[in-house]
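Q: Could you look at this predicted model? Sequence included:
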Amino acid sequence: MIKPIKDKQAHEAAKEQMQKLMLSPSSKDTSDEIEVLAVLIENYEKERIVVDAPTPIAAIRLRMEQKNMTPRELEKYIGSRARVSEVLSGKRKLTVDMMRALNAGLRIPYESLMKKEDPSSADKVEVSQPILTKLREIGLDLQPEGIGAFLKNAFGEQYVPSLNRKTQSQRASGKTDDNALLIWQGAVLDKAARNPPTGTFSPKQINKQFLIAIAQLSTHSNGPLRAIQELSKHGITVVVLPLLPGTFLDGAVMLLKGEVPVIGLTLRHDRIDNFWFTLLHELAHLARHYEILSTTNHVFFDELDIDSDDVVEKEADDLAKNCLLPSKFVKSIFKKVYSSNDDIEKVSKAAGVHVSIVAGRWQKENSNYKKFSRLIERNTVREMLSDF
């Protein structure tokens, strides 16, 4: 049982318990206990001990300097060269596995690796006039001096991300304006809070079979609408919000105040195949990576035109593809350069999905975006989902 820390002995015991938890297999309960212990330890040290722990990045750089290490030598603890670069530049948050490796390999204290920045940085977010203009067009009349209050209300006081903090997975263009992305996420959460789902969410229900059932709604003329309504019954809110200047993403998935799953869609490509792949990709994150999402402040941003070597993104891509179109159908047609309209339509009927999904997948697999273009339905989703 976790108890308040009132003396030095309890403080040492709590740190030992955290050490054991960080070395134990990951689970929702373990992550929750680590988070609670971190808060208790931090509060005790603020009151009783003068500790000026560095930020995670500062702690890593300090140890690199002490050991005369190069960024490449961090790959064994953090991952690929790109991932090391993202961590050191502040574009990627440390995962629990990274913290374990850095603590075990470099003896960097967990207190430093888990230190959070001051959430009041939301008050310092600067937003350009084009962003404010676009927000007004979509019904959010924000003034520069009100941005901080808007973010705190949208995210929930304890969930506001730190200024310029990249989240667990940001599959987004290097040209992305991080403040614009933060405002877009805040606007999605604000809209979701005003349109709660009709049902209660249970992570156990979001599995491959559920994703396949959602994908097969695509055969209906109002399939996107049906899918959103069905997701609402399962406690998942879907919000459609246009891109803001400086953002390029297709979709994102996050939790509203740490509880309600919210999928944000931009519909920047108003195509049936793009809608269904984006929706299934975000649902795949819920099915496979809910534990990551349920950690405070995490969100997956996805610009799906960009190929990603991130393991988590690849898992979501693969699950979405397999649920939309099982591999047996892919093998039967996608390597046939001379596939016909009849071939595409037969596969669509056999798989139980919209013909646009099959045609779009063929185009992607063969890098040929002219063939079968007439089979892809365009300019219908945005109007159909105008109320979302």
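A: On my side now, so go ahead.
Q: Name the helix or strand of this structure that has the lowest mean pLDDT.
A: Taking mean pLDDT, DSSP states H and E as the measure, the chain has strand 169-171 as its least confident helix or strand, at a mean of 64.
Q: Give me the domain ranges for the protein.
A: 8-113, 166-178+187-324, 327-381 (automatic domain parsing).
Q: closest one to Gly148 among these?
A: Set against Gly148 and scored by Cβ to Cβ, the domains of the chain come closest in domain 166-178+187-324, at 13.9 Å. Yep, even glycine has a C-beta here, placed from its N, CA and C like the rest.
Q: from the chain's centre, how far out does the closest one sit?
A: Relative to its chain's centre, domain 166-178+187-324 lies at 8 Å (Cα atoms, centre = their mean, to the nearest Å).
Q: ok, for Ile138, nearest residue in space, not its chain neighbours?
A: Pro242 (6.1 Å; Cβ to Cβ, 6 or more residues apart in numbering).
Q: Does the one you found belong to a helix, a strand or coil?
A: coil (DSSP: H, G, I helix; E, B strand; the rest coil).
Q: next one: Leu255
A: strand.
Q: Show me where this protein has its strands.
A: With DSSP state E as the criterion, the chain has strands at 169-171, 237-240, 251-256, 260-265, 299-302.
Q: looking at those strands, which one has the lowest mean pLDDT?
A: Note on the strands of the chain: lowest mean pLDDT is at strand 169-171, with a mean of 64.
Q: How many neighbouring residues does the residue lying closest to Leu267 once chain neighbours are set aside have?
A: Take Leu267 and drop its neighbours on the chain: the residue closest to it by Cβ to Cβ, 6+ apart is Arg382, 5.0 Å away. Residues near Arg382, counting by other Cβ atoms under 10 Å, number 16.
Q: Hmm, His269 and Arg382 touching each other?
A: No: applying Cβ atoms under 8 Å, one finds Arg382 not in contact with His269, separated by 10.0 Å.
Q: Run through this structure and note the low-pLDDT ranges.
A: For the chain, applying pLDDT under 70 flags the ranges 1, 45-54, 115-124, 157-170, 172-174, 296-297, 332, 334-337.
Q: Dead centre of the protein: give me the residue that sits there.
A: Centroid check for the chain by Cα atoms, centre = their mean gives Phe300 as the closest residue, at 1.1 Å.
Q: ok, that residue to His289 distance?
A: Distance, Phe300 to His289, using Cβ to Cβ, to the nearest Å: 7 Å.
Q: next one: Val312
A: On the measure of Cβ to Cβ, Val312 and His289 end up 6 Å apart.
Q: which residues do the two both contact?
A: By Cβ atoms under 8 Å, 6 or more residues apart in numbering, Val312 and His289 have these common neighbours: Phe300.
Q: circling back: common neighbours of Phe300 and His289, please.
A: 312, 316.
Q: who's in contact with Asn274?
A: Residues near Asn274 by Cβ under 8 Å, 6+ apart: 250, 304, 360.
Q: So what's the residue count around the spatially closest residue to the last one that is not a sequence neighbour?
A: By that I understand Gly360. Spatial nearest neighbour of Gly360, chain neighbours left out: Asp273 (3.0 Å); criterion: Cβ to Cβ, 6+ apart. When neighbours are counted by other Cβ under 10 Å, Asp273 registers 25.
Q: and Asp273, what is it in contact with?
A: Each residue near Asp273 by Cβ under 8 Å, 6+ apart is listed here: 354, 356-357, 359-361, 376.
Q: rerun at 7 Å
A: Residues near Asp273 by Cβ atoms under 7 Å, 6 or more residues apart in numbering: 356-357, 359-360, 376.
Q: can you pick the most crowded of those?
A: When the contacts of Asp273 are compared by neighbour count (other Cβ under 10 Å), Ile357 ends up highest, at 28 neighbours.
Q: That one is in contact with Thr278, isn't it?
A: No: in this structure, Ile357 is not within contact of Thr278 by Cβ atoms under 7 Å, at 11.8 Å.
Q: intersection of neighbour lists for the two?
A: By Cβ under 7 Å, 6+ apart, no residue touches both Ile357 and Thr278.
Q: Give me the neighbour count for Asp307.
A: Quick note: Asp307 (other Cβ under 10 Å) scores 9 neighbours.
Q: same check, this time on the one 10 residues further on
A: Other residues lying near Asp317 total 20 when counted by other Cβ under 10 Å.
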